[in-house]
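got a sequence here, can you build the structure:
(4 chains)
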Amino acid sequence: MSYEVNINGEDRKIEILSREGNKIQARIGEKTYDLDLMEVEPGIYSVLYQGENFNFELNARSPKKYIVDTTDEKIEVEIVDAESRYARSRKGGEEEDANFISTPMPGQVVKILVEEGQKLKGGETVIIVSAMKMESEYKVVKDRTVKEILVKEGDNIDGDQPLVTFE
Amino acid sequence: MSYEVNINGEDRKIEILSREGNKIQARIGEKTYDLDLMEVEPGIYSVLYQGENFNFELNARSPKKYIVDTTDEKIEVEIVDAESRYARSRKGGEEEDANFISTPMPGQVVKILVEEGQKLKGGETVIIVSAMKMESEYKVVKDRTVKEILVKEGDNIDGDQPLVTFE
Amino acid sequence: MIKKILIANRGEIAIRVMNSCREMGILSVAVYSEADRNSLHVRYADEAYCIGPAPSNQSYLDLEKIIETAKKSGADAIHPGYGFLSENAAFSERCKKEGIIFIGPDAHAINTMGDKITARKTMLAAGVPVVPGTTEPIVDLDEAVKTIVEIGLPVMVKASAGGGGKGMRLVEKEEDILSSVKAAKSEALAAFGNDAVYIEKYINSPHHIEFQILADQHGNCIHLFERECSVQRRHQKVVEETPSPIMTPEVREEMGRHAVAAAKAVNYAGAGTIEFITDDQLNYYFLEMNTRLQVEHPITEQVVGVDLVREQINIANGEKLRYRQEDLSQHGHAIETRIYAEDTDNNFMPSPGKINHIHFPLGAGVRHDTYAYNGYEIPIYYDPMISKLVVWGNNREEAIGRMKRALGSYKISGVKTSIPFLSRIMDVPDFKKGGYTTHFIQNHTEALKSKDSCSEECSDLAAITAFVDFLKKQERAKPASNGKAPASQWKAFGRKKAVTRL
Amino acid sequence: MIKKILIANRGEIAIRVMNSCREMGILSVAVYSEADRNSLHVRYADEAYCIGPAPSNQSYLDLEKIIETAKKSGADAIHPGYGFLSENAAFSERCKKEGIIFIGPDAHAINTMGDKITARKTMLAAGVPVVPGTTEPIVDLDEAVKTIVEIGLPVMVKASAGGGGKGMRLVEKEEDILSSVKAAKSEALAAFGNDAVYIEKYINSPHHIEFQILADQHGNCIHLFERECSVQRRHQKVVEETPSPIMTPEVREEMGRHAVAAAKAVNYAGAGTIEFITDDQLNYYFLEMNTRLQVEHPITEQVVGVDLVREQINIANGEKLRYRQEDLSQHGHAIETRIYAEDTDNNFMPSPGKINHIHFPLGAGVRHDTYAYNGYEIPIYYDPMISKLVVWGNNREEAIGRMKRALGSYKISGVKTSIPFLSRIMDVPDFKKGGYTTHFIQNHTEALKSKDSCSEECSDLAAITAFVDFLKKQERAKPASNGKAPASQWKAFGRKKAVTRL
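This next block holds a predicted model:
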């Protein structure tokens, strides 16, 4: 099966050429790597390449999406197979504006400044959320109309949870 | 269902009387305990009883057998249900002499001093096993006859693995 | 003699206090909110009691509940840690009334130091330098000019009714005095309808330097030298070190004497910290006193060799100080970095969540104060500090190298942390040189931003690793069509290749 | 200047050395056997190379392979750690020939100190006291008696051909000299056909006290004071501390001078340790010199404040010592305990296996040197030491309290460890008093045995906890008869009760 990986936004062809225990040979783009690769703890890999040691910690966002922590930085890696290529093509390539507001982290709703059906100007604040004693305002980027408000003031919320949706 | 637990060799009746979240009420023998009991890490429990804090780490030897590590000591706890009572009664209560030799820890076979079919005197050394640079001799307690030798010199072995069996 | 201490706090400081209790043979009682049942301080204590729901004002700040728990558990003393009730005079007073020893100063000391104006007056009376300036608003132009000449340049002229920078003028040159005061006054009048101004000495390159003190109930007081805490963001300390790289032995001795005088002025008993604002010429002025244990107290412990919590307990027991000033000296160099669950590239936004893995750096000269463990979910209700990493080195250079080493092998996954940011601080030449001011972080925003430093090779390897993991998981998840264990292509691949290579 | 160091070792000491490398900006190269691919030292190094199968003689002791790897990786120096090739003169010599810096002494020093008889003669020549005794066998009875009188009682008379205690006589009283020597000789004749004997001073209450030294390549040598290592089992150190509780300043200074003289006698360069046997009256005698870093070196680092590995590297770089003797002093008290995977109730039998959980005690004054992590399987091929736990305290009492606290919260599950045993040592009055000898462990076997200390209440709670866990797992494992998620009786029980209680 042919695979591609998307590394920090760039698509590259990837292939495992051979494998003996920890020793694998892999090609990525035009380059071939002979590696000693071992999962030393769950999700933590030690990779030796030409003697040099790399420690990678994998955080799977989905079965195909990884954030690879390389100590110095975090690299986004997505496995692109036929299925995800199809899904991508349907999206039309362009990212749309999200049709809901969410926070990147868990917290508590402090104040909701809008009502359902309300028309908002770009830049208007929709909701204020506190986490760890720090309050953050969440605004709309463009003019939008509020469809549904899914939380109420005082609610504890998860990260990435839709809070307010738009038409 | 009625259960008994065997604590360090002694059978006691046990029953959960009520439960609300972490708060449980349990009876063991004639004594009733109101506890706040929480699995804080996999296999690690924090138990608050009348304010006092107990940390227990459970090591399951089988689904019904636990070694509970209480910091100060290790307590053997076995859950006794109908099934295990039956199994126990068949055994006739008395522990028999093991019909094989095994080591309590992994290691490497250094020397096998017996042959299959050989008759041994009690106290005779059967096998020498090394682990971490230390060699240990394993002997028969009573007069026995070697049935089968399951390993050979140089083999790496697990703990509790039968090495030599007797008639 | 204290036999059982209730620790009215959570997190690393609760555990810090319990450690000294245990070392002294004293029992420890934890209190916890409903959000903290699985917190390490609960598991670590000898006893633990729930004191209410997650929000602090219903639990860790609930004075009544804590007093009640102390009585129920038979604790004879309460240690408040830092934050929460630690600088609450009413709590100190209440403990006294209930016959429970409060491990901290009395209400008088807390109140006096807690009010900025009273503290300033008390310090002036005790001969401790404070930032020169007017305490009453000035309306008269001539008086303003006279005051400026008295204080000495540079000064800041501020509208007394002011705010938002309006009616504010920095005066650096003599020839600008008159025009600046006039401008400030007219601007103030226009903005607030009031042309009264305050005048304050302007500290050009401010350093935050504080002195640790210990005082017993018998009038003895010593200082344990300084801590340099100028690396701050939003007035929150990020990196602390001792000795201060800008300190001289003469100024240290003098500041130490003033710190002791400050504590004595309020009949202080316990451990406390006198904060000074200091300029490049080592002119220093009293800022405030923290009447409790400080977050950054470990660096003093490492360099002076005194367990401050042990001494707090001894003092609370009514014992005399075990050390005289001349017994103490600074030995080597210590640095603390505060590891927060936060996104340093996104305005230090807190990043609570579940810690998947945590690997502490260990070895020579490394100390950790923490309450985090694998699988722990950092609650959203409290401070997002995960741990304090403290290193000790023979000298400052060794300590910086050690901190870099320790941060480099400190791994926390699951939440974003300030570890990479702190590591970049250690590389900034101005930090290495040591003459940094409280403007350090804002002056080096560019150098402190995260950078893509992974080479193409490294990102290729990261991608291959993710791909291998993906293949392994895919094989594991594959349903068995024939009812047997699923055939692993990944495993089969390994076997096949192994054979063909023979 | 050394830029890249190959560490010819594994485990905690490999990581210890890498830490100093990293702090000095030096790259580190790990070597590993096939059993160690997942060992932490491999993951921690900048580079790592496999050097052969699990057994040491095919990997960590394979001199050729290590030299080859050093060349391949471009390492300009090799640090041997302790054990393995660290006291191999041929290896030191070979490195020199290959132009690789050996971080340790030259072959001459290793050889001289490695041979007991040569070492003894060298020390005698250098004026360092050795255990008084004969170096040549004595056949003549009168000469034997004369020698005993010279040496002074008590003495041990040993058959020169001897072994197994035959022909051995302890002589404590003057009136027994003649009869004892006669008895020993006749016993020796009967057993070995040879009645020659050796006579050696008998040390009644022996203490093992050693001195750390550092010597540069320019003839400068200093000592870093003593370590008390008398808590031993089967001649293996278990607990070490510094300062020694029996030491006096006068004897310390004199022993230090003799330690320096011992090192100078072999033109030593690097870090080394002079071991002395000492009696209750602080009479001391050279035992041997370890020409390498010692396992217990961290306690010296904590108390003297010198990073010994850093100094080793500086010395190997040809630098002069950074310290003069008068710069150094002892600051506080440090204790090390060695945590082994072993069954202390079963003759200290090694207990390798997989570590499920490991929780390190942290906080003030605690240092760990380890290579263990959650899920790590301790290999059966090497030493079963898991970690070295080192504490520092202001004084000995504080240090003991701290060690008890640290051991009490040190959790390792999956393998048996010596943690409870070590904790019991801290409680033995003879240890607390500090006058213990090398017979300490055998003299206190009863006190050091593990005891059932859990109350009936505690074992009831343990049983209930196991039972709850059993119920939870049973519910989780129950197959769904209707194809839906299995109904949990345990969960349902909680719900039902919650409802009926409303």
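
residues in contact with the residue nearest to C:Gly414 when sequence neighbours are not counted?
Spatially, and ignoring its direct neighbours in sequence, C:Gly414 is nearest to C:Asn356 (3.8 Å; C-beta to C-beta, 6 or more residues apart in numbering or on different chains). (Glycine included, C-beta is placed from N, CA and C.) Contacts for C:Asn356 were tallied using C-beta atoms under 8 Å, 6 or more residues apart in numbering or on different chains; they are A:Gly43, A:Asn59, C:Asn374, C:Gly375, C:Ser413, C:Gly414.

so C:Asn356, which state does it fall into?
Recorded secondary structure, C:Asn356: coil (DSSP: H, G, I helix; E, B strand; the rest coil).

now it: phi and psi?
Here is the backbone geometry of C:Asn356 (degrees, to the nearest 10): phi -80, psi -60.

pLDDT at it, what is it?
Note on C:Asn356: pLDDT of 87.

the residue in chain A that chain B sits nearest to: neighbour count?
Distances between chain A and chain B by C-beta to the nearest C-beta are smallest at A:Pro42, namely 12.1 Å. By other C-beta atoms under 10 Å in any protein chain shown, 10 other residues sit near A:Pro42.

how about it, nearest residue that isn't a chain neighbour?
D:Gly375 is the one closest to A:Pro42 (C-beta to C-beta, 6+ apart), at 7.4 Å.

show me the beta-bridge partners of C:Glu226.
C:Phe211 (DSSP bridges).

count the residues that sit near it.
27.

tell me the secondary structure of A:Ile14, please.
strand.

buried among the contacts of C:Asn356? Need that as a selection in ChimeraX.
The buried subset of the contacts of C:Asn356, as determined by 16 or more other C-beta atoms under 10 Å in any protein chain shown, is captured in ChimeraX by this line:
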select /A:43 /C:374,375,413,414
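
need the contacts of C:Asn356 in JSON lines (columns: distance to B:Val140, secondary structure and pLDDT).
Output for the contacts of C:Asn356, formatted as JSON lines (distance: C-beta to C-beta, whole Å; DSSP: H, G, I helix; E, B strand; the rest coil; pLDDT from 0 to 100):
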{"residue": "A:Gly43", "distance to B:Val140": "47", "secondary structure": "coil", "pLDDT": "90"}
{"residue": "A:Asn59", "distance to B:Val140": "54", "secondary structure": "strand", "pLDDT": "88"}
{"residue": "C:Asn374", "distance to B:Val140": "45", "secondary structure": "coil", "pLDDT": "91"}
{"residue": "C:Gly375", "distance to B:Val140": "47", "secondary structure": "coil", "pLDDT": "91"}
{"residue": "C:Ser413", "distance to B:Val140": "52", "secondary structure": "coil", "pLDDT": "87"}
{"residue": "C:Gly414", "distance to B:Val140": "53", "secondary structure": "coil", "pLDDT": "86"}
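
returning to what we had before: any idea how far the residue nearest to A:Pro42 lies from C:His359?
12 Å (C-beta to C-beta, to the nearest Å).

which ones are touching the residue nearest to A:Pro42?
A:Glu41, A:Pro42, D:Lys354, D:Ile355, D:Asn356.

again, but for C:Met385
C:Gly11, C:Glu12, C:Val295, C:Arg338, C:Ile339, C:Tyr340, C:Ala341 are the contacts of C:Met385 under C-beta under 8 Å, 6+ apart.

which residues are in contact with C:Ile315?
C:Leu214, C:Ala215, C:Asp216, C:Gln217, C:Ala269, C:Gly270, C:Ala271, C:Leu321.

6 Å instead?
By C-beta atoms under 6 Å, 6 or more residues apart in numbering or on different chains, C:Ile315 lies in contact with C:Asp216, C:Gly270.

in which helix or strand would I find the closest residue to chain D within the stretch 401-502 of chain C?
Residue of the stretch 401-502 of chain C nearest chain D, by C-beta to the nearest C-beta: C:Gly401 (3.9 Å). Secondary structure from DSSP states H and E places C:Gly401 in helix C:396-408.
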